[in-house]
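Engineer: Quick one, fold the following:
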Amino acid sequence: MSDSKPALPSLRKPQTKTSPSRLASWWNQQAAAIKFSMERLWFNPLSTWMTLAAIAIALSLPTGLNLMLKNLQSLTDSKREVPTMSLFLKQSVSEQQAKDLAELLSDLPEVSKVEVVTKEQALEDFRKITGFAETLETLGENPLPNVLILTPRLSLLSQQETTTEQFAEKLKKYSQIESVQIDVEWVERLKAILEIAQRVVLVVGLLLSLTVLLVVGNTIRLDIENRKDEIYVTRLLGATNQYIRRPFIYGGLWLGLFGGILSLVIVQLALLLLVPPVQHLSSLYGGEFTLKGVDTVMTLQILAASCALGMAGAWLAASQHLWKEQ
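Structural biologist: Model prediction:
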């Protein structure tokens, strides 16, 4: 690798028999600026990689947090929000009495369906989930009650302006019912927590975006300081501010783009490390929860944001220098 520094794009017009069209001239200037900006990254590998690492770390944190929120939000999607009610019956209620009560409740207009979970079924489910059913069997009598799983008609409840909590209080009046548990409550609590977490992630994302802006701006500023004499000579030759600023903006674009790609790699590697323990935890609760990775839309959003931040930081640094020189 040569130690010579790449020079700023030349202002000389190409020697041709006919003047190039405006579009061709514009393209030649863009190509020269792109070549210069890429050479600057190539000739300064240590500075380039340090800057890319800082950008990648700053972007990977909000990306990872946002991805975690999306995975948690999948637990509160519409398919999981059907609010069933678990009606725990008294120990004295027999299996036949539980079935009779289920038929009685099924006739209520507010009820969609009722399922009976007998003591034996509850014990078997407990054995599959925890593995501690043998401990209960040593008691000699199954301590688990018969349970009714009731699904209310939400449309009818809303027409009657009745909440699920009010309907639960109505069900508690039946003498056979010991307690009522609304199984969707945990979803509502999780939703409230996620709303707070979304605000936190937004604030963190804004702060780290500002960090990326400053990192790129500082890198470009140092590059401009090293090129101060060249910029001065170029201005004497008639270069406009836009012409001088252009290669540095492309440099910010490449830093943002490659930093964004590196951040996606970091997030994906972190996700791969989390997959085994998450699957193990899900199996312990008898569920099937799969972590979702970065999709195409999120990838494009991250890359677009990183490129925009890189270009903005470079534009600010270059413009600040040009304003001082005026």
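Engineer: alpha carbons only for contacts and neighbour counts from here, please
Structural biologist: Will do.
Engineer: Look up how far Phe43 lies from Ala31.
Structural biologist: 18 Å (Cα to Cα, to the nearest Å).
Engineer: next one: Val200
Structural biologist: Counting by Cα to Cα, the gap from Val200 to Phe43 is 39 Å.
Engineer: now do Lys292
Structural biologist: In this structure, Lys292 and Phe43 are separated by 39 Å, where distance is defined by Cα to Cα.
Engineer: Any chance you could give me the helix or strand hosting Ala32 in PDB, C-alpha atoms only?
Structural biologist: Under DSSP states H and E, the secondary-structure element containing Ala32 is helix 22-43. Only the C-alpha atoms of helix 22-43 are listed here, as PDB (Å, rounded to 0.1, in the frame of the first residue of the first chain):
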ATOM      1  CA  ARG A  22     -23.700  19.100 -18.300                       C
ATOM      2  CA  LEU A  23     -24.800  15.600 -17.200                       C
ATOM      3  CA  ALA A  24     -21.500  14.100 -18.200                       C
ATOM      4  CA  SER A  25     -19.600  16.900 -16.400                       C
ATOM      5  CA  TRP A  26     -21.700  16.300 -13.200                       C
ATOM      6  CA  TRP A  27     -21.100  12.600 -13.400                       C
ATOM      7  CA  ASN A  28     -17.400  13.100 -13.800                       C
ATOM      8  CA  GLN A  29     -17.300  15.300 -10.700                       C
ATOM      9  CA  GLN A  30     -19.300  12.800  -8.700                       C
ATOM     10  CA  ALA A  31     -17.000   9.900  -9.800                       C
ATOM     11  CA  ALA A  32     -13.900  11.900  -8.800                       C
ATOM     12  CA  ALA A  33     -15.400  12.700  -5.400                       C
ATOM     13  CA  ILE A  34     -16.300   9.100  -4.800                       C
ATOM     14  CA  LYS A  35     -12.900   7.900  -5.800                       C
ATOM     15  CA  PHE A  36     -11.200  10.400  -3.500                       C
ATOM     16  CA  SER A  37     -13.500   9.500  -0.500                       C
ATOM     17  CA  MET A  38     -12.800   5.800  -1.000                       C
ATOM     18  CA  GLU A  39      -9.100   6.300  -1.200                       C
ATOM     19  CA  ARG A  40      -9.200   8.300   2.000                       C
ATOM     20  CA  LEU A  41     -10.700   5.300   3.800                       C
ATOM     21  CA  TRP A  42      -8.300   2.900   2.200                       C
ATOM     22  CA  PHE A  43      -5.100   4.900   3.000                       C
END
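Engineer: Beyond it, next helix or strand please.
Structural biologist: Tracing the chain C-terminally past helix 22-43 and defining elements by DSSP H and E, one meets helix 45-73 next.
Engineer: Pull out the buried positions in that following helix.
Structural biologist: Of the residues in helix 45-73, 48, 51-67, 69-72 count as buried by neighbour count, 16 or more other Cα atoms under 10 Å.
Engineer: Next: stretch 216-233.
Structural biologist: So stretch 216-233, judged by 16+ other Cα under 10 Å, has buried residues Val216, Gly217, Asn218, Thr219, Ile220, Arg221, Asp223, Ile224, Ile231.
Engineer: Of those, just say which sits nearest to Thr299.
Structural biologist: Within these, the smallest distance to Thr299 is 20.6 Å, found for Val216 (Cα to Cα).
Engineer: Quick one: residues contacting that closest one.
Structural biologist: Thr51, Gly252, Leu255, Gly256, Gly310, Gly313, Ala314 (Cα atoms under 8 Å, 6 or more residues apart in numbering).
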